[in-house]
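Student: Next comes the sequence, and after it the predicted model I'd like to discuss.
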Protein chains: 2
Amino acid sequence: MLTNRQLLILQVIIDDFIRSAQPVGSRSLSKKEEIQISSATIRNEMSDLEEMGFIEKTHTSSGRVPSEKGYRFYVDHLLSPQILQQQDISQIQSVFAERIYEMENIVQRSAKILSELTNYTSIVLGPNLQENRVKKIQMVPLSEESAIAIIVTDTGHVESRRFSLPKGMNAEDLEQMVRVLNDRLVGTPLINLHDRLHQEIAILLRRHIANYDSILKVFAEIMNVPVHDKLFFGGKMNMINQPEFSDIEKLRILMDMIDREESLYKLIRPNDGGGIQVKIGKENENIAMENCSLITATFPIAGGQKGTLAILGPTRMEYSRVISLLNVISTDLSKALSSLYEKSPDEWT
Amino acid sequence: MLTNRQLLILQVIIDDFIRSAQPVGSRSLSKKEEIQISSATIRNEMSDLEEMGFIEKTHTSSGRVPSEKGYRFYVDHLLSPQILQQQDISQIQSVFAERIYEMENIVQRSAKILSELTNYTSIVLGPNLQENRVKKIQMVPLSEESAIAIIVTDTGHVESRRFSLPKGMNAEDLEQMVRVLNDRLVGTPLINLHDRLHQEIAILLRRHIANYDSILKVFAEIMNVPVHDKLFFGGKMNMINQPEFSDIEKLRILMDMIDREESLYKLIRPNDGGGIQVKIGKENENIAMENCSLITATFPIAGGQKGTLAILGPTRMEYSRVISLLNVISTDLSKALSSLYEKSPDEWT
DNA sequence: TTTAGCACTCAGTTAAACAGAGTGCTAACA
DNA sequence: TGTTAGCACTCTGTTTAACTGAGTGCTAAA
C-alpha cells in the first residue's frame, strides 16, 4: 500500500510530467510548495515508487517518468475532476445553442470543438444506423436504364443508391414495386432489411412481377446498408504538435492506423459499459497506440441507442481535463441527438 | 538561348535531383553515360546555367539544385512524356472496370489510385453540383414537428435537409406544397433554386397556403445548396514521406492549408483553360505551397460540366510520370462520370 | 574550346571536453 | 527510526576542434 506521502509524490510527478513532458527530478520536486521534504527523502520515496512499478527512469541518472501502471493508478485513484473554465464552457454552449437538424452536422461540430479544446484528436461515433427503422422507401427514375432508390429512416437519415433498372421494367412496375416495399418494409430496422427482403418480399414479387429474380438481386444490393457507422474526426493532425511524435516515423504509424478506420473502430466500439473509459498505452492492444491513451465516453440516445465520443492523445494526456470535457460534451450531444430522435406520440406504439 | 549541351546538362541535373533529392555535382554528372565531357567543362556550363537562373547552389561549394525557373523550363521544354508501366495501367483499369453508380464512389476511387501510384497527395473536384437540375423534390414527414426534404437531381445526386414543420402545417398542406414545388421547379439548376423560389413560387404559395412567409423562409433555407463542391482527397498524409518535409513545421503549415479547404479550392478551381496545368512553387501564390507544385487536369463531363483532378507534390516532383497518370485517369474518369450523366433521349429536349 | 590540376569552401561526422541535472549511498542529526 | 546534508558517480546534451568528402572556381596547358 502506498503512504500518503508516496501518493502525493506520485501525483505531483505525473502532473508535472503531463505539463512539461520532461522527466521529473527530486530536486525540482522538493522546490514545489506542496512538498516540504528534502530532495534526499524524495529520492528514497521515488526509489520505492520505482520498485513498485509506478515510475521509471529513462536512463540511469535521469529523472522519473510515469509508467503505464503509474498512469493507470493516477486515473483510478488520484484524479480530481478539473473544473472547466468559463471560457471553455461558453464555447461549448455556443456550439449546442442553435437547434440543428442534421445529425452529421451536430456530430461533426462536437468532434471539432472537442479537438480544439484539447489539442488532441477527437473521434465521434454517431448513433447506430443499423437500428434505424425504415420510414419510407422511394424510387426516382433518372433515365430509361437507371434510377435512384432512397430510404428514409425514422431518425431522418437518408440513404440513397443509384442502380440499373432491370431490363423490361417500366415506370409502372417501379411504382408498384415501391408500393409493395413500403407496405412490407416500413418499420423494419435497416440491419434486417436484407433478410426481410429475401424472406417475405421475394414471394410477393414473384407473384406480381415478371423477371423477379434479377430484380430481387438488384434490390438486395440496394438494401445492403454499410456495416460500420461513420466515424467523425476532429483535429486529425493535432498529434503532430505532441513532443512524443517529434519522431516522424511514429507519427506516420499512428496516422496510418487512424486512416485504416477498421482498426480504429475496433478500439472505440467495445465500450459497452457506458460512461467514461480510459485505455492507456498497451491496454489498447494496438502497436500504433503504444504511446497513446484513448478516453471514450459512451452516452445514451433516445430510443435505446448509444453514441460514443473519444479522445486520442499521448499517454501523457491531460486526463482530468479531457474527462471533464467529455462529460460535458457527451451530455450535450446526447440531448441534441435525442431531440432529433423524438417521435410524435402516435408513433411510439 | 541555351545550347544543346546546356539543355542536356539541365535535363540530367533535374532528372537526377528529382530522383535523389540531393544537390547534383559536376563529377557525378560526368560519370553518366549520356554525358561524355569532363567535370571541368560541366562546371563551366553549370556556372552559365546558374547565371541564367535555371539552377542554384545551396551553399558556396555545393552541387546544384534546380530553381523554380529551372523546373518551369524543364516542364515547358524538356519533358518527355513517361510511358506508363503495364502494371500501373492495369491497376488503373481495374479501378474503372466495374460500372459504378455513385458519383462519390468513382471520384473517391480515382483520388485513391492517383495518390497510391504517385505517393503524392491527390485532390479531386467532382462535377459541379450547382449546375445539376432538379429532377424531383420530395418531403417525408418524420413527426408532427419535423420533416425531411429530399431533392434528387438529374445526375442522381441526392440532397436532403431536415427541417422544422411550420406551425399549423398538416400532411395535406405538405403534399400540396410538394406538388407545387415539383410543378414549378423541376428542371431548375440548383444554383438558381433559391432565386426561383422567391420569384415565382412565393406568389403561388401565398395563394394556396395560409402562413406562407414562415414557410417560404423554411424552404429558402432548405434549398440553399452549398456553394462549394466537395473536394475528395487521396493520400493526405503522403507528403510526410517527402524529404522536403522532414522539418515537421513545414509539414504542419502544409497540412493546415489542406484542411482549410477554402484556400485549396482557390488553388485548384481557376484552371479554366482545360487540359493539364502545372503550377510550380511560388506560382501558386500561397506561402504553404512554397516547396510544392500542383498539377491540375481539367476534363469535360457530359452536359458541358467540368471536373478537376489535381496532384500536390514537392517541387521536386516526378512531373513526367504525374502528367502521364493524370492524362490516363482524367480520361477514364471523364468517361465514367459522363456515363452517369447520360440521359434517356426524350430528356435531351 | 576543352581539360587537368590545384587551392579553397562548406557540411557533416567524429571525438574530446565540459556543464548540468539527476541518482544512490553514507554518515550525521533530531 | 525517519530525515537530511553531502559527496561521488552517471548519463545527456552542448560546445569545440579536427578531419573527411564532395564540390566549386580559376588557371594554365593541350
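Tutor: Received, thanks.
Student: How many neighbouring residues does the nearest residue to A:Ala288 once chain neighbours are set aside have?
Tutor: Computed as CB to CB, 6 or more residues apart in numbering or on different chains, the closest residue to A:Ala288 that is not its neighbour in sequence is A:Met257, at 3.6 Å. Using the backbone N, CA and C atoms, a C-beta is placed for each residue, glycine as well. Applying other CB atoms under 10 Å in any protein chain shown, we find 19 residues neighbouring A:Met257.
Student: right, and the secondary structure at the spatially most central residue of chain A would be what?
Tutor: Among the residues of chain A, the one closest to the centroid is A:Val124, at 3.4 Å (CA atoms, centre = their mean). The local conformation at A:Val124, judged by DSSP: H, G, I helix; E, B strand; the rest coil, is strand.
Student: what's the helix or strand containing A:Gln277 packed up against?
Tutor: Using DSSP states H and E, A:Gln277 sits in strand A:275-280. Counting contacts by 3 or more CB pairs under 8 Å, 6 or more residues apart in numbering or on different chains; DSSP states H and E, strand A:275-280 is packed against helix A:68-73, strand A:292-301, helix A:319-341.
Student: what residues does that strand touch?
Tutor: Residues outside strand A:275-280 that contact it (CB atoms under 8 Å, 6 or more residues apart in numbering or on different chains) are A:68, A:71-72, A:75, A:267, A:271, A:293-298, A:315, A:319, A:323, A:326-327.
Student: So for stretch A:119-130, what gets flagged as buried?
Tutor: Neighbour-count burial for stretch A:119-130 flags A:120-130 (criterion: 16 or more other CB atoms under 10 Å in any protein chain shown).
Student: could you give the mean pLDDT of it?
Tutor: Mean pLDDT, stretch A:119-130: 90.
Student: what about it, distance to the chain center?
Tutor: 3 Å (CA atoms, centre = their mean, to the nearest Å).
Student: Just the terminal-to-terminal distance for it.
Tutor: 32 Å (CA to CA, to the nearest Å).
Student: wait, does it contact chain B?
Tutor: No - with CB under 8 Å from any CB of the partner chain as the criterion, chain B is not reached by stretch A:119-130; the gap is at least 12.7 Å.
Student: Could I get the full set of strands for chain A?
Tutor: A:55-57, A:64-66, A:121-125, A:134-141, A:146-153, A:158-164, A:231-234, A:275-280, A:292-301, A:305-314 (DSSP state E).
Student: Would you single out the least confident of the ones you listed?
Tutor: Ranked by mean pLDDT, those bottom out at strand A:158-164, with a mean of 87.
Student: Give me the pLDDT value at A:Leu29.
Tutor: 96.
Student: Would you mind confirming that it is in contact with A:Ile42?
Tutor: Yes - the pair A:Leu29 and A:Ile42 qualifies as a contact (CB atoms under 8 Å) at a distance of 5.2 Å.
Student: what do the two both touch?
Tutor: Joint contacts of A:Leu29 and A:Ile42 (CB under 8 Å, 6+ apart) are A:9, A:35.
Student: Surely A:Arg161 touches B:Tyr101?
Tutor: Yes - between A:Arg161 and B:Tyr101 there is a contact at 7.2 Å, judged by CB under 8 Å.
Student: ok, the one residue in chain A that gets nearest to DNA strand C - contacts?
Tutor: With CB to the nearest atom of the strand, the shortest gap between chain A and DNA strand C falls at A:Gly25, namely 2.3 Å. When contacts are counted by CB under 8 Å, 6+ apart, A:Gly25 touches A:62-64.
Student: ok, and the closest non-adjacent residue to A:Ile83?
Tutor: A:Ser324 (7.4 Å).
Student: Look up how far DNA strand D lies from the nearest residue to A:Asp88 once chain neighbours are set aside.
Tutor: Sequence neighbours aside, A:Leu117 is the residue nearest to A:Asp88 in space, at 5.7 Å (criterion: CB to CB, 6+ apart). A:Leu117 sits 31 Å away from DNA strand D, going by CB to the nearest atom of the strand, to the nearest Å.
Student: can you tell me how far A:Ser324 sits from A:Glu102?
Tutor: Distance, A:Ser324 to A:Glu102, using CB to CB, to the nearest Å: 27 Å.
Student: any idea how chain A splits into domains?
Tutor: A:4-78, A:86-128+A:229-348, A:130-222 (automatic domain parsing).
Student: can you list the ones you listed in CSV and add distance to B:Asp15?
Tutor: Shown next, in CSV, are the domains of chain A (distance: least, CB to CB, whole Å):
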stretch, distance to B:Asp15
domain A:4-78, 44
domain A:86-128+A:229-348, 27
domain A:130-222, 45
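Student: Nearest to B:Val180, out of these?
Tutor: B:Val180 lies closest to domain A:130-222 among the domains of chain A, at 18.2 Å (CB to CB).
Student: picking up where we left off before, pick the most deeply packed of the strands of chain A.
Tutor: Mean neighbours per residue, mean count of other CB atoms under 10 Å in any protein chain shown, is largest over those for strand A:121-125, with a mean of 26.
Student: Kindly calculate the angle that it makes with strand A:305-314.
Tutor: Here strand A:121-125 runs at an angle of 170 degrees relative to strand A:305-314 (axes from the mean of the first three to the mean of the last three CA atoms, to 10 degrees).
Student: who does strand A:121-125 pair up with?
Tutor: Here strand A:121-125 has these sheet partners by DSSP bridges: strand A:231-234 (antiparallel), strand A:305-314 (antiparallel).
Student: Count the residues that sit near A:Gly53.
Tutor: Counted with other CB under 10 Å, A:Gly53 comes out at 12.
Student: Is it correct that it is in contact with A:Ser67?
Tutor: Yes - the criterion here is CB under 8 Å, and A:Gly53 meets it with A:Ser67 at 5.9 Å.
Student: Which residues of the stretch 1-150 of chain A lie near DNA strand C?
Tutor: Near DNA strand C, the residues belonging to the stretch 1-150 of chain A are A:23-28, A:39-40, A:43, A:46-47, A:50, A:57, A:61-64 when assessed by CB under 7 Å from any atom of the strand.
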